[in-house]
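In: Provided below are the primary sequence and the corresponding predicted coordinates.
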Amino acid sequence: MAQAEKHAFQTEVKQLLHLVIHALYSNRDIFLRELISNASDALDKLRFEALSNDALYEGDKELAIRVSYDPEARTITVEDNGIGMSRDEVIENIGTIANSGTKKFLEQLSGDQARDSALIGQFGVGFYSAFIVADKVTLETRRAGAPKEEGVRWESDGQGEYTLETIEKSGKGTRISLHLKEDAKEFLDGHRLRQIIHTYSDHIAFPILMPKEEFKDGKPVITDEWEQVNKATALWLEPRSKLKDEDYINFYKQTFHDFEAPLTWLHNRVEGTLEYTSLFYIPKVPPFDLYDRERRYGVKLYVKRVFIMDDAEHLLPTYLRFVRGIIDSNDLPLNVSREILQDNQVVRKIHSASTKRILDHLSKLAKEDADKYATFWDAFGNVLKEGVVEDFSNREKIASLLRFASTHNDTPEQRVSLDDYIERMQPDQEAIYYIVADSYQAAKNSPHLEIFRKKGIEVLLLYDRIDEWLVAHLNEYAGKPLKSVAQADIEPPENEAISEEEKKAADELIERLQKVLAERVEAVRTTARLTDSPACVVPPKNGLSPHMIQMLKQMGQEPPKQKPVLEINPAHPLIKKLENLSDEEKLKLWGEILLDQAELAEGVQPEDPAGFVKRLNSVLADAL
């Protein structure tokens, strides 16, 4: 037997262990849930790999998880006869955290114990929860198919180092022994352990066994006989009529490592041309990496109850990546690969039907429980918007699920659907109007809204990063075109039309401004869209909006060269004074300030901030 080698934990693991031991997990019970869940994964992996290599069973096909305890030694042991690990796998999976998201995890921690606890499951680091209750953890493992002399023992007190040695292990799989802390002796109780298993792990699809207990003189005595303590049934195959909300919630928490109950779920069995069962959950809280489009998906694929893979991205579209769930098919081969999934007619039909089912469920939720749907929208609305761009066949359905802030509401939390907007359109209104800006305040206070407010026309306020792409692909809804207020032409109220004399004076000013601002603007023109502001800028015909140009720059892309169009309000006192200004140099100065202010109102930063300040100081000095 080799001598035990000492190794130091990776820096991130040290930080994680410190947090686990000293800060996280107000509910200590979950250490057992996490270890049982890992053991279940190991059994699933063995069963899958053994499809092509039956010898991996090593003559032992009765897959199970065993949980035992020893009050005298103060230990709890969780053992499985699953796939096991090699020495390199132990180092990779336990001595380090290879997951690139680990640092993100540490950055996400807020000091809120409940919230921080919920994050651990998302990072797949549940093994470390053992140190919540243990001051020493010993792991013994051997990979299925490897010689018994290639067993590995890993041991640590969680303080920064671990030992590693080669041992002889007769059976495949993994055995984890926890030496409990003094304040964790409450778990050295068979009834308590069974209660935890019933709460968190009842629906693990493998038997969870514990030693039977006999009572002598009123005290439990552990026997050598084992008994099953969980149902070991695939919950998704149970009839819905037999399941309670509590069953669904516990299964979700155990399977998807979430401390929060799901927001909602849908459970369906399809029979006919295709036979499959789906159980989908929509979480209440978004994961840290929701906007990472390359992240692992939350849908697990089973074939005839055999676990195949847990990141089956071909089963749902990318814009539904927040959905967690299980699909169990009777029509796919057990040796299905990612390549087969990518171009398989059965998968395409499951993908299409599941997408429609989830969207229909969200529509129903929106109609029947507005508060719950608002919670969903806060968490996942921006991701759902991606579907308008990506999923043409479901575009109208997805558009009906969108929610927006509006000029008819007082806060960004008050939102309107496109259907609601259409219902309260004015009798002669033909289009759905919107504005895109960098923030809610910038959208709400944009000068482009002035004439729309005056005429009582509602405008949708869009200020999320994806909204420019959204409206570029959503040209109409329910037969109504979507129009940007920055590009829409709208007539002023009849009593505010300008006279011919005012128009002539404005035309002369436009000609002069176009000359002095030729290097910075494509054109100058009058507009009816302004009532309180002297000027605004709009994109040239077929040009990009200022918001889109800013976004491209932030993404490191060079936007196409274009000059804005300066629109002036001929009725504004400042414009009328400029009409009487004969000094061309002063007109150029005021014209540039007018343009600078209009661009600032659009969220566009001046290309020459020092020049802008100099011009402003000059006119202030004259005014004083």
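Out: Alright, I've got the coordinates.
In: helix, strand, or coil at residue 66?
Out: What DSSP: H, G, I helix; E, B strand; the rest coil gives for residue 66 is strand.
In: would you double-check that residue 557 falls in a helix?
Out: No: counting by three-state DSSP, one finds residue 557 to be coil, located in no helix.
In: neighbours around it, how many?
Out: Residue 557 sits with 9 neighbouring residues when counted by other Cβ atoms under 10 Å. All C-beta atoms are positioned from the backbone trio N, CA, C, and that covers glycine.
In: was I right about residue 263 contacting residue 286?
Out: No: applying Cβ atoms under 8 Å as the test, residue 263 and residue 286 come out as separate, 10.6 Å apart.
In: who has more neighbours, the two?
Out: Comparing residue 263 with residue 286 by other Cβ under 10 Å, the one with more neighbours is residue 263, at 18 against 14.
In: could you find the closest non-adjacent residue to the more buried one?
Out: When the adjacent residues along the chain are set aside, residue 263 lies closest to residue 284, with 4.3 Å between them (Cβ to Cβ, 6 or more residues apart in numbering).
In: so what sits against both of residue 263 and residue 286?
Out: residue 379 (Cβ atoms under 8 Å, 6 or more residues apart in numbering).
In: am I right that residue 79 is in a helix?
Out: No: assessed by three-state DSSP, residue 79 does not belong to a helix; its assignment is strand.
In: so in this protein, where's the weakest helix or strand by average pLDDT?
Out: Here the helix or strand of the chain ranked lowest by mean pLDDT, DSSP states H and E is helix 113-122, holding a mean of 45.
In: I'd like to know how far residue 406 sits from residue 429.
Out: Between residue 406 and residue 429 the computed distance is 14 Å (Cβ to Cβ, to the nearest Å).
In: ok, the two, which is more surrounded?
Out: Between residue 406 and residue 429, residue 406 has the larger neighbour count (other Cβ under 10 Å), namely 20 against 16.
In: pull the contacting residues for the more buried one.
Out: 414-416, 421, 458-461.
In: next: residue 424.
Out: Counting by Cβ under 8 Å, 6+ apart, residue 424 has contacts 408, 458.
In: repeat that for 6 Å
Out: By Cβ atoms under 6 Å, 6 or more residues apart in numbering, no residues touch residue 424.
In: where do the strands sit along the stretch 151-300 of the chain?
Out: 151-156, 161-167, 173-180, 208-216, 219-228, 264-270, 276-282, 298-303 (DSSP state E, counting those that start in this stretch).
In: in TSV: those, plus mean pLDDT, mean neighbour count and distance to residue 134.
Out: Output for the strands of the stretch 151-300 of the chain, formatted as TSV (pLDDT from 0 to 100; neighbours: other Cβ atoms under 10 Å; distance: least, Cβ to Cβ, whole Å):
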stretch	mean pLDDT	mean neighbour count	distance to residue 134
strand 151-156	94	22	10
strand 161-167	92	17	13
strand 173-180	97	22	4
strand 208-216	91	15	19
strand 219-228	90	11	20
strand 264-270	96	18	34
strand 276-282	96	23	31
strand 298-303	85	22	29
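In: quick one: residue 535 and residue 595, what's the gap?
Out: 7 Å.
In: please identify which of those two sits among more neighbours.
Out: residue 535 (24 against 21).
In: just give me the residue right at the centre of this protein.
Out: Nearest to the geometric centre of the chain sits residue 290, at 2.5 Å (Cα atoms, centre = their mean).
In: per-residue confidence at that residue?
Out: For residue 290, the model assigns a pLDDT of 72.
In: mind checking how far it is from residue 241?
Out: Relative to residue 241, and taking Cβ to Cβ, residue 290 is found at 34 Å.
In: that's a strand at residue 481, yeah?
Out: Yes: the assignment for residue 481 (three-state DSSP) places it in a strand.
In: quick check: bridge partners of it?
Out: residue 476 (DSSP bridges).
In: tally up the residues packed near it, please.
Out: By other Cβ under 10 Å, the burial measure for residue 481, its neighbour count, is 12.
In: ditto for the one 3 residues further on
Out: For residue 484, the tally of surrounding residues (other Cβ under 10 Å) stands at 18.
In: pLDDT at residue 125, what is it?
Out: 53.
In: tell me which element the closest residue to residue 587 other than its chain neighbours is part of?
Out: Counting by Cβ to Cβ, 6+ apart, residue 581 is the residue found nearest to residue 587 once chain neighbours are left out, at 5.3 Å. Counting by DSSP states H and E, no helix or strand carries residue 581.
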